[in-house]
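In: Got a sequence here, can you model it:
(chains A and B)
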Amino acid sequence: KNQVEQSPQSLIILEGKNCTLQCNYTVSPFSNLRWYKQDTGRGPVSLTIMTFSENTKSNGRYTATLDADTKQSSLHITASQLSDSASYICVVSAGTSDYKLSFGAGTTVTVRA
Amino acid sequence: EPEVTQTPSHQVTQMGQEVILRCVPISNHLYFYWYRQILGQKVEFLVSFYNNEISEKSEIFDDQFSVERPDGSNFTLKIRSTKLEDSAMYFCASSEPGDLRVTNEKLFFGSGTQLSVL
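Out: All right, here's what the predicted structure looks like:
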């Protein structure tokens, strides 16, 4: 069964600090991995998309890494801002005939001044 | 930036009633999706739609659910006889020509419709 597990479930950081979120997946065969940011009451917004051949991808202060061998990904937030407070969701696409995406439960990040 | 729009933002209905959730995908997109998120739970796939037909659906998408693209811009999700457990945030999404198995196909989500079944 395709699964995506994220950790930690939630974290609180001070404005200006860095943090790293983890994602482990068992989706097979793997096609790509996406990180989304979801503000409360809003739809998810795409941050990065990586294929198995990509190790790192950045989008501003967000940097995602992927280790396809260990089936792990991380999202690093640099110099956090109050607006970074949101849920960050790891989503994995399987390379099958499905159009389904497997969503993680998300990590809730709270940035405090 | 173009965006997916959903209406209404909130819908309250009585159990057993029919509801229609409406979405306007991004204009040049060809793939359309519905997802739902029960409060405190993961986002779940419901259905994908391409070329005026369902491409894929999940086990959640039973006979009570249907989708339609009645014209060139709208994409709707109908729940024929709502149940309490249908209460959730329903997200519409669309992607550019191509599908989500292909690399770098960005999926754009709407802001969702919060459905409350009483």
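
In: tell me the contacts of the closest residue to chain A within chain B?
Out: Scanning chain B for the residue nearest chain A gives B:Phe109, at 3.2 Å (criterion: Cβ to the nearest Cβ). All C-beta spots, glycine's among them, are computed from the backbone N, C-alpha and C. With contacts defined as Cβ atoms under 8 Å, 6 or more residues apart in numbering or on different chains, the neighbours of B:Phe109 are A:Gly43, A:Pro44, A:Val45, B:Val4, B:Tyr35, B:Phe91, B:Cys92, B:Ala93.

In: can you do 6 Å?
Out: Taking Cβ atoms under 6 Å, 6 or more residues apart in numbering or on different chains as the criterion, B:Phe109 is in contact with A:Gly43, A:Pro44, B:Phe91, B:Ala93.

In: Out of these, which end up buried?
Out: Neighbour counting with 16 or more other Cβ atoms under 10 Å in any protein chain shown marks A:Gly43, A:Pro44, B:Phe91, B:Ala93 as buried within those.

In: Greatest separation within the residues you listed: which pair is it?
Out: When Cβ to Cβ is used, the two most widely separated members of the buried ones among the contacts of B:Phe109 are A:Pro44 and B:Ala93, lying 8.6 Å apart.

In: just the CA coordinates of stretch B:33-41, formatted as CSV?
Out: As requested, the backbone C-alpha atoms of stretch B:33-41 are provided in CSV (Å, rounded to 0.1, in the frame of the first residue of the first chain):
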residue,chain,number,x,y,z
TYR,B,33,-9.6,16.6,-10.0
TRP,B,34,-11.6,16.6,-6.9
TYR,B,35,-10.0,15.9,-3.5
ARG,B,36,-11.4,16.1,0.0
GLN,B,37,-10.0,16.6,3.4
ILE,B,38,-11.9,15.6,6.5
LEU,B,39,-11.0,17.8,9.4
GLY,B,40,-7.7,16.8,10.9
GLN,B,41,-7.1,14.1,8.3
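
In: All set, thanks.
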